[in-house]
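**Student:** Mind folding the following:
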Amino acid sequence: MEHKIKQLNLKYDHEGYFVLRDFFSAQEIEALRAVILKFHQLWKQDNLEFYQQEAFNSSLITGSKYLGCADRVKLFNFISSAKMMALVESLMPNKPAFMNTQLFFNPVNPQQKDFWHRDCQYDYDVEDQKKVITETQVVHLRVPLFDELGIELVPGTHKRWDNDEEFAVRQEVQGRTSCENLSGGKKVKLAAGDILVFSADMIHRGLYGLDRLALDILVFDSSANYADYVDDDCLPDHLMLAQIDNPKLYINTIDLKLKTEQAIDKAGGIE
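**Tutor:** Numbers count the residues shown, from 1 in each chain. Got it, this is the predicted structure:
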């Protein structure tokens, strides 16, 4: 297993992603699917207009709005299970921290197009994006709940800036649109039971179709403090932490948030 993890790390370092087939058993996926479908049905009811018009994902799955304590604990235990943490800690040995969860599904409108992006483009301007992809690390762990078309990636773009074609398409300049094909794109089909691990900052797009319903778990390296991006409600409280077999992923986030708050309070006191 140690040799396999080293191989995966090399692939991730070089290409920005890797896939493990049949990583989860049918029983594990069935149990996860039951919780996620409960969330999804309630979320759709509560966001019906948005869902019908343009939505293709939701977030804050581990929050308290749609799931009770028992289901949230099931999710927390799944996310921080021993085999998940083995993958996470192989990529982020320095106190990896939990950021968020997202659920990806097909848009209701069949004419709606998938689109190329880097996650960082929604928070940073172009010059800062160039810095982010070399200085920080945020990782997606995608768990498909049904067989799906998967995702399309541009290998290696987690460490390099866009070429002219990629920039024009992703940023929709020079008459290009973000749904166009890229010559460097690589499609990765996924099945229930697989796991896809990929850099949030590489150029990628989800592929709509089939019974798409995939849970994404986002984690970050504590040295790049993204604690401000974490919604408090998505973290386990003290009672839940006691029911989580391996809670350090969440404790790392809680500690970071506390340090950030203390730093803000200290700065406020100086002023």
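**Student:** Going along the chain, name the helices of the stretch 101-250 of the chain.
**Tutor:** 126-135, 164-171, 238-241, 248-270 (DSSP state H, counting those that start in this stretch).
**Student:** neighbours around the nearest residue to Ile254 once chain neighbours are set aside, how many?
**Tutor:** Using Cβ to Cβ, 6 or more residues apart in numbering and skipping the chain neighbours, the partner closest in space to Ile254 is Leu235 (6.1 Å). In this view, the C-beta of every residue, glycine as well, is placed from N, C-alpha and C. Using other Cβ atoms under 10 Å, Leu235 has 18 other residues around it.
**Student:** Next: His238.
**Tutor:** The tally of other residues near His238 (other Cβ under 10 Å) stands at 7.
**Student:** same thing with Ile251?
**Tutor:** 18.
**Student:** How about the one 5 residues further on?
**Tutor:** For Leu256, the neighbour count with other Cβ under 10 Å is 19.
**Student:** quick one: it and Tyr229 touch, right?
**Tutor:** No - counting by Cβ atoms under 8 Å, Leu256 stays clear of Tyr229, with 10.6 Å between them.
**Student:** intersection of neighbour lists for the two?
**Tutor:** Counting by Cβ atoms under 8 Å, 6 or more residues apart in numbering, no residue touches both Leu256 and Tyr229.
**Student:** phi, psi of Asp46?
**Tutor:** Dihedral pair for Asp46: phi -80, psi -20, per degrees, to the nearest 10.
**Student:** which residue packs closest to it, ignoring adjacent ones?
**Tutor:** Tyr66 (7.6 Å).
**Student:** Do me a favour and average the pLDDT over stretch 38-51.
**Tutor:** Mean per-residue pLDDT for stretch 38-51: 98.
**Student:** before we move on, what about stretch 61-69?
**Tutor:** Taken as a whole, stretch 61-69 has an average pLDDT of 98.
**Student:** Give me the distance from it to the chain's centre.
**Tutor:** Centroid displacement of stretch 61-69 relative to its chain, using Cα atoms, centre = their mean, to the nearest Å, is 18 Å.
**Student:** ok, the residue nearest to Asp46 touching Phe39?
**Tutor:** Yes - Tyr66 is within contact range of Phe39, at 4.9 Å (criterion: Cβ under 8 Å).
**Student:** So between the two, which is more surrounded?
**Tutor:** Neighbour totals were compared for Tyr66 and Phe39, and Phe39 leads with 23 against 18 (other Cβ under 10 Å).
**Student:** my read is the more buried one is in a helix, agree?
**Tutor:** Yes - judged by DSSP: H, G, I helix; E, B strand; the rest coil, Phe39 forms part of a helix.
**Student:** and it, what is it in contact with?
**Tutor:** Contacts of Phe39 (Cβ under 8 Å, 6+ apart): 58, 61, 66-67, 71, 103.
**Student:** Please identify the buried residues of stretch 174-189?
**Tutor:** Going by neighbour count (16 or more other Cβ atoms under 10 Å), the buried part of stretch 174-189 is 176, 178, 182, 185, 188.
**Student:** Run the chain-centre distance for it.
**Tutor:** Centroid displacement of stretch 174-189 relative to its chain, using Cα atoms, centre = their mean, is 20 Å.
**Student:** Same check on stretch 42-58?
**Tutor:** 19 Å.
**Student:** Ok, stretch 115-128 next?
**Tutor:** Centroid displacement of stretch 115-128 relative to its chain, using Cα atoms, centre = their mean, is 15 Å.
**Student:** what's next to that stretch, contact-wise?
**Tutor:** The contact list for stretch 115-128 (Cβ under 8 Å, 6+ apart) reads 129, 132-133, 138, 154, 157, 166, 169-171, 178-180, 182, 200-205.
**Student:** Narrow those residues to just the buried residues.
**Tutor:** 129, 132-133, 138, 154, 157, 166, 169-171, 178, 182, 200-205.
**Student:** Tell me the spacing between the closest residue to Leu149 other than its chain neighbours and Asp233.
**Tutor:** Closest residue to Leu149 apart from its sequence neighbours, by Cβ to Cβ, 6+ apart: Leu207 at 3.9 Å. Separation of Leu207 from Asp233 (Cβ to Cβ, to the nearest Å): 31 Å.
**Student:** Okay then, goodbye and thanks.
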